[in-house]
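Peer 1: following is a predicted model, sequence given first.
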Amino acid sequence: MHRLSIRIIMVLAVALFTSCTAPIKVEEVQPASGYRATAHSLPLLVDQIRVAYRGIERGDTAAIPVYNERLSRFLEALNKNQDSISDSQLLFTSPGGVRRLTIKGPASFTPPEARLIPIDILEFEGDYAEHQSKVSGVGAPLVASKSTDRIGFESYRLNQPLRNLTALMRFKGNTATLELMDPYQAHKISVAGKQHQLAADYGAAVMYGLSKSRIDKLGLARLLDPQKFSDTSVLTFLQPYDPERIPVLMIHGLDSTPATWAPAFFDIIQDEEIRDHYQFWVFSYPSGYPYPYSASLLREQLEEVQQEVPDHKDMVIVGHSMGSLVTRLMITDVGESMWLKLFGKPPEETKIGGSSRQLLEDSLIFNHVPNIDRAIMVAGPHRGSEGADNPIVRLLNRLVKLPGFMADVRNAAASVATADASAFALKRAPSSVDTLSPNNPFVKEINKYPIHPSIPYHSVMGDRGKGDTPDSSDGIVAYWSSHLKGAQSEKIVPSGHSAHHHPVGIEEIERILKLHLREAD
């Protein structure tokens, strides 16, 4: 059996039998102090926090960890008293005389609606748990959780049911104010006229979301039955939208989900320059669809985002594997050329109607997305993967259950295609695996169109540490397929197909993002 096809079968088998293994798990544990707050602890904790706060005001740095820990315990107690909170206020009497607590959250965030979970009681385990994005300072980092039911769906985009915040408590007379601060917006705080670093954990909300939503389990399921999960095709923001930050849009590949970008995201977000200038978005889609159709779904999502946040900065787009192919379609001008080659007439004169016509137009007629400034393509099979044509892989491809409308489109196109467009003839509606074949008509045709000259692009690919480029392969995609002439840079990573998980691959993405900042100035 072809060596590459064996590897592909092994990948599918591993995906099937490990889909229940979470890449990251979360458990609420006992805090290091051993003290667990109760619903009756609030008054005493407020007084203890005030004593520590006065110490920070006097310049006693030893008071900072005490302040942070007592504040974390206060958040625990507050979660157990949420029924007592009215209009972001809590009335009580502490031994020290504090009678009113006011809660202030950042814009578009209503504190009483969320559970405020201190980071020090969250224990993360799994493959991604080693990637920590913490900054020491004053305050209690937390995950604000409204809901985890719709993570990965459209409602998540601007609603942000999960987000990283940092709690502070300040005092004036008999009133305490609990300030919930967005660490992306505030890095420093002032206490008694002295500046302090704000404590933060930039990866916790995404880690918590991954552990609760288990979006990683959708990879194989969406490959085999994409239409069943059609509502999971969505562009999601990983942090609150900020018009001052450049979006980095990350796109996963075949048999995958946005969870594949977690290691890169957790590592890159540790860099202060990256945090200050970029915001991260992900596009999730059922990877069983032929990728030209998936690209049309992304264009639709980008149009919706443009309506929601028309003031966003031009973006950097990053794709892995089949996500690189989707990326390439975002930065290429095709116009009606492919349509004319297939049908011999412009769209308005072609006798195809209804939804089939719309789908064909969306998949075959497109130009580059104007607000993309740079592209990074990781392990992209631009000229296909030979393993996709192996008989065993073709047999496995039959397991992909495509929706009926795909067959309707194929039949409609075949009925009006010109005689000299026989190269486009297909025996059945194509799946994503079909569109990864070097012999696929679309794959052959799209490579005739250059990437738009105004958009710099970069290639990252693995060679499994063999150092044999240009005869190299990452085990799935060969160098002859992933190499793109005209790339501003090309990085060979000593890895397999998951070059975006390897430290060298992650460092290269970070380097390109910093290069983009310098060239944008």
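Peer 2: Done, it's in. Numbering: from 1, shown residues only.
Peer 1: shaky segments in the chain?
Peer 2: Filtered on pLDDT under 70, the chain yields the residue ranges 1-21, 82-87, 108, 110-112, 147-156, 387-397, 417-431.
Peer 1: so which residues of the stretch 101-250 of the chain form helices?
Peer 2: 156-159, 204-213, 218-224 (DSSP state H, counting those that start in this stretch).
Peer 1: possible to save those helices as CSV with distance to residue 259 and mean neighbour count?
Peer 2: Where you see a C-beta, it was placed from the backbone N, CA and C, and this is true even at glycine. Below are the helices of the stretch 101-250 of the chain laid out as CSV (distance: least, CB to CB, whole Å; neighbours: other CB atoms under 10 Å):
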stretch, distance to residue 259, mean neighbour count
helix 156-159, 14, 16
helix 204-213, 6, 23
helix 218-224, 8, 22
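Peer 1: got TSV for those helices, with distance to residue 442 too?
Peer 2: Listed next are the helices of the stretch 101-250 of the chain as TSV, based on distance: least, CB to CB, whole Å:
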stretch	distance to residue 442
helix 156-159	30
helix 204-213	33
helix 218-224	19
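Peer 1: out of these, flag the one nearest residue 65.
Peer 2: Among the helices of the stretch 101-250 of the chain, the nearest to residue 65 by CB to CB is helix 204-213 (18.6 Å).
Peer 1: from the chain's centroid, how far away is that closest one?
Peer 2: 12 Å (CA atoms, centre = their mean, to the nearest Å).
Peer 1: hmm, back to that, which of the helices of the stretch 101-250 of the chain sits closest to residue 380?
Peer 2: helix 218-224 (18.1 Å).
Peer 1: against which helices or strands is that closest one packed?
Peer 2: With contacts defined as 3 or more CB pairs under 8 Å, 6 or more residues apart in numbering; DSSP states H and E, helix 218-224 has these neighbours: helix 3-18.
Peer 1: would you state the strands of the stretch 201-350 of the chain in chain order?
Peer 2: With DSSP state E, counting those that start in this stretch as the criterion, the stretch 201-350 of the chain has strands at 234-237, 246-251, 278-284, 315-320.
Peer 1: just checking: what are the partner strands of the third one?
Peer 2: Sheet pairing here is set by DSSP bridges, and for strand 278-284 it gives strand 234-237 (antiparallel), strand 246-251 (parallel).
Peer 1: most tightly surrounded among those strands?
Peer 2: Highest mean neighbour count of the strands paired with strand 278-284: strand 246-251, a mean of 25 (counted as mean count of other CB atoms under 10 Å).
Peer 1: run the chain-centre distance for that strand.
Peer 2: The answer for strand 246-251 is 8 Å, by CA atoms, centre = their mean.
Peer 1: got it, and stretch 283-301?
Peer 2: 15 Å.
Peer 1: name the residues of that stretch that are buried.
Peer 2: Using 16 or more other CB atoms under 10 Å as the test for burial, stretch 283-301 gives 283-299, 301.
Peer 1: take the residues you listed and keep only those in helices.
Peer 2: 291, 292, 293, 294, 295, 296, 297, 298, 299, 301 (DSSP state H).
Peer 1: check contacts around the residue nearest to the third one when sequence neighbours are not counted.
Peer 2: If you skip the residues right next to it in sequence, residue 293 has residue 363 as its closest partner in space, 5.3 Å away by CB to CB, 6 or more residues apart in numbering. Applying CB atoms under 8 Å, 6 or more residues apart in numbering, one finds that residue 363 lies in contact with 290, 292, 293, 295, 296.
Peer 1: assign residue 363 to helix, strand or coil.
Peer 2: Using DSSP: H, G, I helix; E, B strand; the rest coil, the three-state assignment for residue 363 comes out as helix.
Peer 1: distance of it relative to residue 338?
Peer 2: For residue 363, the distance to residue 338 (CB to CB, to the nearest Å) stands at 9 Å.
Peer 1: sorry, back to before: tell me the one among the contacts of residue 363 nearest to residue 331.
Peer 2: The closest of these to residue 331 turns out to be residue 295 (CB to CB; 10.8 Å).
Peer 1: correct me, but that closest one touches residue 334?
Peer 2: No - the criterion here is CB atoms under 8 Å, and residue 295 misses it with residue 334 at 10.7 Å.
Peer 1: I'd like to know how many residues surround residue 226.
Peer 2: Look at residue 226: counted by other CB atoms under 10 Å, it has 26 neighbours.
Peer 1: didn't it look like it was pressed against residue 287?
Peer 2: Yes - between residue 226 and residue 287 there is a contact under CB under 8 Å: 7.3 Å.
Peer 1: out of the helices of the stretch 101-250 of the chain, nearest to residue 278?
Peer 2: The nearest among those, by CB to CB, is helix 204-213 at 14.6 Å.
Peer 1: longest strand anywhere in this protein?
Peer 2: The longest strand of the chain (DSSP state E) is strand 162-172.
Peer 1: and it, what does it pack onto?
Peer 2: Using 3+ CB pairs under 8 Å, 6+ apart, strand 162-172 sits against helix 42-57, helix 63-79, strand 115-118, strand 140-145, strand 175-181, strand 200-201, helix 204-213.
Peer 1: TSV for those, including distance to residue 432?
Peer 2: Formatted as TSV, the helices and strands packed on strand 162-172 follow (distance: least, CB to CB, whole Å):
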stretch	distance to residue 432
helix 42-57	54
helix 63-79	44
strand 115-118	38
strand 140-145	34
strand 175-181	43
strand 200-201	36
helix 204-213	23
